[in-house]
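J.: no sequence on hand, only this structure:
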């Protein structure tokens, strides 16, 4: 399984188990996130601590998750980004629209 999902009190944690979030894996992530959202999970934390690379397909999945959560009055949080992925997000100026935490443990409670 490429993504591990665990329920917390006020959010769902999706932990990426892929080294590269690219065209080969981003569609799986999108499917997982859409399914979670359709089940009523509107607050999602995406932990990318095990992911070392992300391309435009991965960014697209991240932005889609952010939109899904915001559209359903929830919150989307990115956590565990390495310096390469963080730099990509900053270059694309997505750090201005995404909530980013250093680790998933920094996310204690978010609105449901």
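T.: Received, thanks. It should be emphasised that the depicted structure is a prediction, and the values quoted were computed from it without experimental measurement. Numbers count the residues shown, from 1 in each chain.

J.: for this protein, give me the ranges with low pLDDT.
T.: For the chain, the stretches with pLDDT under 70 are 108-112.

J.: give me the contacts around the longest helix along the chain.
T.: Ranked by residue count and defined by DSSP state H, the top helix of the chain is helix 56-71. Here helix 56-71 makes contact (C-beta atoms under 8 Å, 6 or more residues apart in numbering) with 21-23, 25-27, 29-30, 33-34, 37, 42-44, 46, 51, 54, 75-76, 78, 88-89, 92, 94, 97-98. All C-beta spots, glycine's among them, are computed from the backbone N, C-alpha and C.

J.: which helix or strand lies directly C-terminal to it?
T.: Tracing the chain past helix 56-71, the next element assigned as helix or strand by DSSP states H and E is strand 75-79.

J.: report the distance from that following strand to the chain centre.
T.: 6 Å (C-alpha atoms, centre = their mean, to the nearest Å).

J.: partners of that strand, with directions?
T.: strand 43-47 (parallel), strand 99-101 (parallel) (DSSP bridges).
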